[in-house]
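Participant: based on what follows, work out the 3D shape:
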Amino acid sequence: MKGILRIVILCLLACLTACSAHKNLQSENATVICALAKPDGTKIVFGPQKISDGQTPESVFRSLQKVLSGASGSVEIQANFGPSLSLEIKTSLVDGKTEGTLEIFMLAEGKRFRTLTESYLHDQKHGHCIAYLPDGSVQYEGEWIHGAKDGLWTINYRNGKPAIFAHFQNNEMDGEAKVLDGTGTVVAIGDYKEGIPVNGSFIKDPSSFLTVTGTSQSRYETTLMHYKDGSQRDSSPLTITLGK
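Facilitator: Predicted coordinates:
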């Protein structure tokens, strides 16, 4: 059950942030409803419970634990943040553990769109994962193996063109990683070993770069670091033209 609660908490935090940034969204009116359909046909409904100003998403879902602990069946969770924004999460539990497909949908400004589809095994991410932008294009995708990133992961720009190709093993970058600009030109390419850059060129702040790949920002300023045999030899400024 930790898997689904972790996902729910992160999504609620994102929605609460959106509420505070949008004049038409009222976070103080946020409510949460959870429906559990058991294999025997019975149904348990939790809520609606208001998320008040003095309450965190974590405290709301401590109450949910009482409903979902040890439970089996299909689960639907809906969080409403005023008339313009809501969040839906659908998955299944087996003995209180997230199992099978987890889907997240968002309704914003009258439009409903899928934001995430991933698979779980015994409460751990396991299998293919795809995240979507509001227009339905793929934001990123890759594989989880027992809770760890594994194999090739791809992150795309808003225009659908690839921004990053990176190989993972045991949740660490391992093997070749590429960064491309919005035209498809490779601007950095290098090899990692257990999360450590070894040979090639690498952008200084990949986590910060990831936050802008799905936005309308046109340029990104960073530093290109050059490595050989595990040591940084030099660096140079780099401007990346993003794919809008």
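
Participant: would you map out the domains in the chain?
Facilitator: Domain ranges of the chain: 1-136, 147-244, per automatic domain parsing.

Participant: make JSON lines from those domains and add mean neighbour count to it.
Facilitator: C-beta: built from backbone N, CA, C; applies to glycine. JSON lines is the format used below for these (neighbours: other Cβ atoms under 10 Å):
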{"stretch": "domain 1-136", "mean neighbour count": "16"}
{"stretch": "domain 147-244", "mean neighbour count": "16"}
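
Participant: would you single out the least confident of the ones you listed?
Facilitator: Out of the domains of the chain, domain 1-136 stands lowest, with a mean of 76 (criterion: mean pLDDT).

Participant: which SS state does residue 208 fall under?
Facilitator: helix (DSSP: H, G, I helix; E, B strand; the rest coil).

Participant: state the distance from it to residue 42.
Facilitator: 48 Å (Cβ to Cβ, to the nearest Å).

Participant: kindly report the same for residue 173.
Facilitator: Residue 173 is 46 Å from residue 42, by Cβ to Cβ.

Participant: break down this structure into its helices, ranges please.
Facilitator: Along the chain, counting by DSSP state H, helices occupy 2-21, 57-68, 206-210.

Participant: elements contacting the shortest one?
Facilitator: Read that as helix 206-210. In terms of contacts (3 or more Cβ pairs under 8 Å, 6 or more residues apart in numbering; DSSP states H and E), helix 206-210 is packed against strand 162-169, strand 219-228.

Participant: can I have it written out in PDB, keeping just the CAs?
Facilitator: What follows is helix 206-210, C-alpha atoms only, in PDB (Å, rounded to 0.1, in the frame of the first residue of the first chain):
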ATOM      1  CA  PRO A 206      20.600  17.200 -15.400                       C
ATOM      2  CA  SER A 207      17.900  17.300 -12.800                       C
ATOM      3  CA  SER A 208      17.300  21.000 -13.400                       C
ATOM      4  CA  PHE A 209      17.300  20.400 -17.200                       C
ATOM      5  CA  LEU A 210      14.600  17.800 -16.800                       C
END
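
Participant: good, wrapping up.
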